[in-house]
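*Asks:* show me how the following folds:
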Amino acid sequence: MMKQIIILLLLSSILLQCQTKKEPMPATDFYISEQKITYKGQDLPFGKPVEEWVKIFGKYDRVLPPLGKDGIVRRNYIWDSIGIMIEEHGSDKEVKSIPNFYIFFMNLESPLAKEGVLDFAEGYYMNTDKDSKNYEYPFTIYKKPLNIEGAEVKNGMKILDINQERKSRDLEPISYIDANMNGKVEEEPEEQANGYFSNYGAKNNPQQQRREGEKKNFYHIMFRQTSGEVEYIRIVQDKGQEYFKY
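*Replies:* Sure thing, here's the model as predicted:
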């Protein structure tokens, strides 16, 4: 009888280990967390001029015409062959720096572009300007998996998929935030909602700590979901500014 009990205990232990064993993360070019962003082991040069980004990714393919607002000039540099974009802020009197970085899972060839719902190209197929060179979307989407805080993220995933993956890695889920500056109160929407998702407000998130009085530099990772799929990932270097305004 004692022998049978020992065998049952051993089998239960093995079964529990199998159930809790986590699949290893695949090798990725990007590692993204709130404290560190790297590409092939190199730290991304947030806050530095575009020339420093060229040293890591090579020469960019396109530059969109500059846009100005509130005395700030923005330029978007796009790597069509990789599927990424950086947004440069500055003016003629200021040192230019890069606070925003984008990784795109969709572009103007995606089905949602034809539906006219992409964030940066609403009504694209109904517009008279159909020159893809005039839009932010890279000609090639980013197709490799990403390591975001130890969880795998890749194109084609929904927020629900990402949260399931994060849960399996014992990470806090990402949730909807009002980053569209529309002034509406939007609380606890479903994971199927369209808009930005992030860790904003999570208990252990530096952003929450800053709101409670502790200012801390970190990277804010935002997932843009459109019609049920993640369209792009936006990473903002946060130095205490109100980054939603940029």
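
*Asks:* so which strand or helix has the nearest residue to residue 159 once chain neighbours are set aside?
*Replies:* Leaving out its chain neighbours, the residue that sits closest to residue 159 by Cβ to Cβ, 6 or more residues apart in numbering is residue 191, at 4.6 Å. For the C-beta atoms, the positions are set from N, CA and C on the backbone; glycine is no exception. Following DSSP states H and E, there is no helix or strand that holds residue 191.

*Asks:* how much space between residue 164 and residue 157?
*Replies:* Using Cβ to Cβ, to the nearest Å, residue 164 is found at 9 Å from residue 157.

*Asks:* so for the two, which residue has more residues nearby?
*Replies:* Per other Cβ atoms under 10 Å, whichever of residue 164 and residue 157 has more neighbours is residue 157, with 19 against 14.

*Asks:* returning to what we had before: pretty sure the residue nearest to residue 159 sits against residue 164.
*Replies:* No - judged on Cβ atoms under 8 Å, residue 191 makes no contact with residue 164 at a distance of 9.8 Å.

*Asks:* where does this protein dip in pLDDT?
*Replies:* The model of the chain has pLDDT under 70 over residues 1-23, 25, 69-71, 91-96, 127-129, 178-190, 200-217, 239-246.

*Asks:* ranges for the strands of it?
*Replies:* 30-32, 37-39, 42-43, 62-63, 67-69, 72-79, 84-90, 97-104, 146-148, 151-153, 175-177, 195-198, 218-226, 229-238 (DSSP state E).

*Asks:* any chance of those in a markdown table, with mean neighbour count and distance to residue 117 too?
*Replies:* A markdown table is the format used below for the strands of the chain (neighbours: other Cβ atoms under 10 Å; distance: least, Cβ to Cβ, whole Å):
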| stretch | mean neighbour count | distance to residue 117 |
| --- | --- | --- |
| strand 30-32 | 20 | 26 |
| strand 37-39 | 18 | 28 |
| strand 42-43 | 11 | 35 |
| strand 62-63 | 14 | 23 |
| strand 67-69 | 10 | 22 |
| strand 72-79 | 18 | 20 |
| strand 84-90 | 20 | 19 |
| strand 97-104 | 21 | 15 |
| strand 146-148 | 21 | 23 |
| strand 151-153 | 21 | 21 |
| strand 175-177 | 20 | 17 |
| strand 195-198 | 21 | 12 |
| strand 218-226 | 21 | 6 |
| strand 229-238 | 22 | 9 |
